[in-house]
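S.K.: Kindly return the folded structure for what I paste below:
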Amino acid sequence: MVSQEQRRRQLAREKFLRQQQRRTDARRKARMRNSVIASVLAVVVIGSVALYTTGVLKGDDDTKQNAGAEVTPTESAPSKAPDPCEKPAEGKVKTATWKKEPELTVDKSAKYTMKLATTCGDIDIDLKASAAPHTVNSFDFLAGKGYFDHSKCHRLTTNGIYVLQCGDPTGTGTGGPGYTIPDENLKDKSLKDNVYPAGTVAMANTGQKHTGGSQFFLVYQDSQLPPSYTPFGTVSESGMKVLEKIAKAGESTGAGDGAPNATVVIDKATVTKS
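M.R.: Okay, here's the model as predicted:
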């Protein structure tokens, strides 16, 4: 008969054997699992190499390279056209103003011309003294005072209307001689269907009647405008070529209304009576 102590030892030995068997089984399963994983990895690696050498993955790589090429910045936009004008003559803009319109001394029966000697070339203008005497008289007065000399033409429009605007010594579009002159010649025969034809020289204003001062605009291409701006001169053929050169260089904003890219400075303005 087995004693109690012997039975206890037998149970302990059986338990130990069962534990050892479980550990052995676990190690065997682990080895099998690792072997399978290793095999799978080997297949993946070999397969990947095979695919790369046949061009499949290489195609993906090329796609990535091409994608990179697609987002590579293209060449920068062309820079604006070179400034077609020369450097301004030395001198300072005069800032004098006057309290009232100068005395009307213009001879309505005489011929008056104005020459704008600009950095871009000479612009000769035939003035309409008989049709716009106050305006021509004012320009004769201001030119004689050197008011326009060394001033910059501050505005060029290239969309809708096509004008170069000058006559403001401050270059801001807000300057003037301190006085205003009346609107004139608004029924000029050259103005048809609310179009100011190319070559017209007319007064700028605030949009209100009789608010012209010293600012004027030169039309380089037919422009649709209401007949509210005194037409007082016509640009010569050679002067039109200068305007076309200025217009071709464009304006600074790209929106069709801004400062000319060309450096347009009136070195000297002269009004001549003949």
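S.K.: From here on, just use CA atoms for contacts and neighbour counts.
M.R.: Fine.
S.K.: what are the ranges of the strands in the stretch 151-274 of the chain?
M.R.: Along the stretch 151-274 of the chain, counting by DSSP state E, counting those that start in this stretch, strands occupy 151-152, 155-157, 163-166, 195-196, 200-203, 216-219, 223-224, 231-235, 257-258, 265-273.
S.K.: just checking, what packs against the last one?
M.R.: Which is strand 265-273. strand 112-118, helix 133-144, strand 151-152 (3 or more CA pairs under 8 Å, 6 or more residues apart in numbering; DSSP states H and E).
S.K.: which neighbours does the shortest one have in its sheet, and in what orientation?
M.R.: The strands that strand 151-152 pairs with in its sheet are strand 265-273 (antiparallel) (by DSSP bridges).
S.K.: what angle do the partner strand and strand 112-118 make?
M.R.: Put simply, strand 265-273 runs at 160 degrees to strand 112-118, going by axes from the mean of the first three to the mean of the last three CA atoms, to 10 degrees.
S.K.: what's the angle between strand 265-273 and helix 133-144?
M.R.: Taking the same axes, to 10 degrees, one finds strand 265-273 and helix 133-144 inclined to each other by 120 degrees.
S.K.: Buried residues, strand 265-273. List them.
M.R.: Across strand 265-273, burial judged by 16 or more other CA atoms under 10 Å covers V265, I266, D267, K268, A269, T270, V271.
S.K.: and if you look at stretch 156-176?
M.R.: Neighbour-count burial for stretch 156-176 flags 156-158, 161-169, 173, 175-176 (criterion: 16+ other CA under 10 Å).
S.K.: so which two of the residues you listed are the farthest from each other?
M.R.: Farthest apart among those by CA to CA are T158 and G176. That separation is 24.2 Å.
S.K.: Could you tell me how many residues sit around G207?
M.R.: 10 (other CA atoms under 10 Å).
S.K.: In contact with the nearest residue to it once chain neighbours are set aside: list those residues for me.
M.R.: In this structure, G207 finds its nearest non-sequential neighbour in S228, 8.0 Å apart by CA to CA, 6 or more residues apart in numbering. By CA atoms under 8 Å, 6 or more residues apart in numbering, the contact set of S228 is D183, L186, G207, K209.
S.K.: do you know how far the closest residue to the last one other than its chain neighbours is from G121?
M.R.: The reference is to K209. Leaving out its chain neighbours, the residue that sits closest to K209 by CA to CA, 6+ apart is D183, at 6.8 Å. As defined by CA to CA, to the nearest Å, D183 lies at a distance of 29 Å from G121.
S.K.: got it, and K99?
M.R.: Look at K99 and G121: by CA to CA, they are 33 Å apart.
S.K.: Please say which of these two ends up with more neighbours.
M.R.: Just comparing K99 and G121: by other CA under 10 Å the higher neighbour count belongs to G121, 21 against 9.
S.K.: which residues pair with the more buried one across the strands?
M.R.: Beta-bridge partners recorded for G121 (DSSP bridges): T118.
S.K.: I figured it was touching V242, is that so?
M.R.: Yes: counting by CA atoms under 8 Å, G121 does reach V242; the two are 6.0 Å apart.
S.K.: Between those two, which contacts overlap?
M.R.: Contacts common to G121 and V242, judged by CA under 8 Å, 6+ apart, are absent.
S.K.: Against A132, how distant is the closest residue to D126 other than its chain neighbours?
M.R.: In space, and not counting its chain neighbours, D126 is closest to T113: 4.6 Å by CA to CA, 6+ apart. With distances taken as CA to CA, T113 is found 13 Å from A132.
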